[in-house]
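**Student:** Provide a 3D model corresponding to the input given below.
(one chain, ligands or ions: 1)
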Amino acid sequence: MHSAPETAHGQTLNRDGLLHFSYRQIRGRGIKNDTEHNNKLRTSGLKRRLLWGVFFFSPNKIRHEQRGVNTSLFFFFFNECAIPLLPRLAANRPKSLLVYINPYGGKRRGKHIFEQKVAPLFRRAGISTDVIVTQRANHARDHLKTEANLHKYDGVVCVGGDGMFSEILHGLVTRTQTDHSVDQNQPDAQLVPCSLRIGIIPAGSTDCICFATVGTNDPVTSALHIVVGDSQPMDVCSVHHNNVFLKYSVSLLGYGFYGDVLAESERKRWLGPARYDLSGVKTFLSLNYYEGTVSFLPAEDNMGNPRDKLQCRSGCRVCQHKQSKDKLGEMSEEKEKSAKDGWNEIYGKFIAINSASMSCACPRSPKGLSPSAHLADGTTDLILVRKCSRLDFFRHLLRHTNKAADQFDHSFVEVHRVRKFHFQPTFQELVSPENQSDPPGETELGPIHPPQTTYYSTARSSWNCDGEILHHAAIQVKQNVKPNHVLYARQLFIHSTVKQDSLSFNFSHHFGFH
Ligand SMILES: Nc1ncnc2c1ncn2[C@@H]1O[C@H](COP(=O)(O)OP(=O)(O)OP(=O)(O)O)[C@@H](O)[C@H]1O
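**Tutor:** Residues are numbered from 1 along each chain as shown. Below is the predicted model:
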């Protein structure tokens, strides 16, 4: 029988002349006691195979798996390509991870997803894990804040949805600031970037953060990004109310429509993911508007525009530009001070006030709320939807599902790329006697508002902060100058319509970010 010719390193060439690697060769099992030979194999061409294995087979091939096609081909390539890993990647790939599983997120399949799809990959890649299945809401956040021995780990993995991710983000960011004596209540405080990366294994209802950063909601794809140590820096917004820190946000801050949908959906949590559809319809039918003043500090011109066609993806030029600026220290305090004069103020009746720090894409809205928002440029896209007819608002919402249409192209919608913004509802919140002495807190950062009157509002919404409700309507939001935490993720924009030239799988970019 004709046998395939062998190369100098013992690989065989198949009929097409392409290199063919057998499982036995790569693992070195068929070549007993020949470590020199195995070392040669590891250093020759493995980089190419890894690129193939990770990027060619994810996420497109993984979608086949969801349709029930056998996954053996995928695992074959994982074995062949990702193990053994390249020396260059070895420095960045994690060896030890702390995993939090929310057993109640989404369809309550978090534990199953981790055990069946993710743990076997981690085992094969030689990654050790400490797994904590949460017992209550905020369990992961509190554990990270106080107890977790973070020195033991290379990263934290969140198995759950956006709410669970937000818990972990808060735990990690708060812990880092406490360790570095940074006062989070100071709106002007410079946050210290976290030293650990966060990996997201999607197991929630919407999994918007995972979709917007990786390009698909698939646990195996996310696990692979974690295994190879791929990373993506992200902006973190700080949200304050009168000099009191409320929350961090990395995706959507929405007052009005999206706040109301969330509040309604929380009351229907027993319905599972379907609660969002039902609450959306109900909120749309009752369509409220809210009066108030939005003031904002626009981003510099070179930060791009929310309406340009440039999408943020691997190697994004706008984000890179921003980071190199930070590294050079060009965003000096003087510039910040002079920027204070550039505040704009808009008073109006709004159906929705949204701030998108990333595209906020999800399977239902593949473009997201702000298709060209950037992941790590230190800005957020402020979208103001003024009072309009139900039909007009419906048209606007419909455009989120349509890839071609520009959802900002309506007379009642305006969008600004900003560094900071404040919202002051026209009807003030009731201020309790003990809070009356609170300093106003606005003078440092922006325009001074008239003295606050204290009476209840009849038309008052709440903020949807990355899927969590904020009960204060008046807030001050600041995008932090440095990208604040790093995800185990890389954008693989599969639904992109713009030129492919920036879709470079550049492994060195973002590595060694810290
Ligand atoms: N053991 C637990 N019991 C109850 N709630 C929990 C537990 N662990 C975490 N939580 C809370 O559950 C909430 C929702 O979790 P998660 O985000 O994972 O799912 P989801 O809301 O269905 O998905 P998404 O946020 O993507 O829509 C989070 O706010 C989290 O704080």
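**Student:** measure residue 186 to the ligand for me?
**Tutor:** 26 Å (Cβ to the nearest ligand atom, to the nearest Å). Every residue, glycine included, has its C-beta placed from N, CA and C.
**Student:** what are the ranges of the helices in the stretch 101-250 of the chain?
**Tutor:** All helices of the stretch 101-250 of the chain, identified by DSSP state H, counting those that start in this stretch, fall at 110-113, 119-124, 139-142, 162-179, 208-214, 219-227.
**Student:** So which of those helices is nearest the ligand?
**Tutor:** helix 162-179 (2.8 Å; Cβ to the nearest ligand atom).
**Student:** tell me which residues of the closest one are tucked away?
**Tutor:** Residues of helix 162-179 classed as buried by neighbour count (16 or more other Cβ atoms under 10 Å): 162-177.
**Student:** go on, stretch 179-195?
**Tutor:** For stretch 179-195, using 16+ other Cβ under 10 Å, the buried residues are 182, 184, 187, 191, 193, 194.
**Student:** and that stretch, what's its mean pLDDT?
**Tutor:** Average pLDDT, stretch 179-195: 90.
**Student:** Distance across it, terminal residue to terminal residue?
**Tutor:** For stretch 179-195, the first-to-last residue distance is 12 Å (Cα to Cα, to the nearest Å).
**Student:** circling back: CSV for the helices of the stretch 101-250 of the chain, including distance to the ligand?
**Tutor:** Formatted as CSV, the helices of the stretch 101-250 of the chain follow (distance: least, Cβ to the nearest ligand atom, whole Å):
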stretch, distance to the ligand
helix 110-113, 7
helix 119-124, 18
helix 139-142, 6
helix 162-179, 3
helix 208-214, 7
helix 219-227, 13
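**Student:** Any idea which of the ones you listed has the lowest pLDDT on average?
**Tutor:** For those, mean pLDDT drops lowest on helix 208-214, to a mean of 90.
**Student:** Quick one: mean pLDDT over stretch 351-367.
**Tutor:** Taken as a whole, stretch 351-367 has a mean pLDDT of 90.
**Student:** For the ligand, what's the nearest residue on the stretch 251-400 of the chain?
**Tutor:** Here the stretch 251-400 of the chain gets closest to the ligand at one residue, residue 273, 6.6 Å apart by Cβ to the nearest ligand atom.
**Student:** what about the residue of the stretch 201-350 of the chain found nearest the ligand, how many neighbours?
**Tutor:** Residue nearest to the ligand within the stretch 201-350 of the chain (Cβ to the nearest ligand atom): residue 204, separated by 2.7 Å. Close neighbours of residue 204, defined as other Cβ atoms under 10 Å, add up to 27.
**Student:** how close does it sit to residue 265?
**Tutor:** Residue 204 is 13 Å from residue 265, where distance means Cβ to Cβ, to the nearest Å.
**Student:** With residue 313 instead?
**Tutor:** Using Cβ to Cβ, residue 313 is found at 30 Å from residue 265.
**Student:** thought residue 417 was touching residue 297?
**Tutor:** No - when contacts are counted by Cβ atoms under 8 Å, residue 417 is not listed as touching residue 297 (10.5 Å).
**Student:** Show me the two of the buried residues of stretch 179-195 that sit farthest apart.
**Tutor:** Greatest spacing in those, by Cβ to Cβ: 187 and 194 (19.6 Å).
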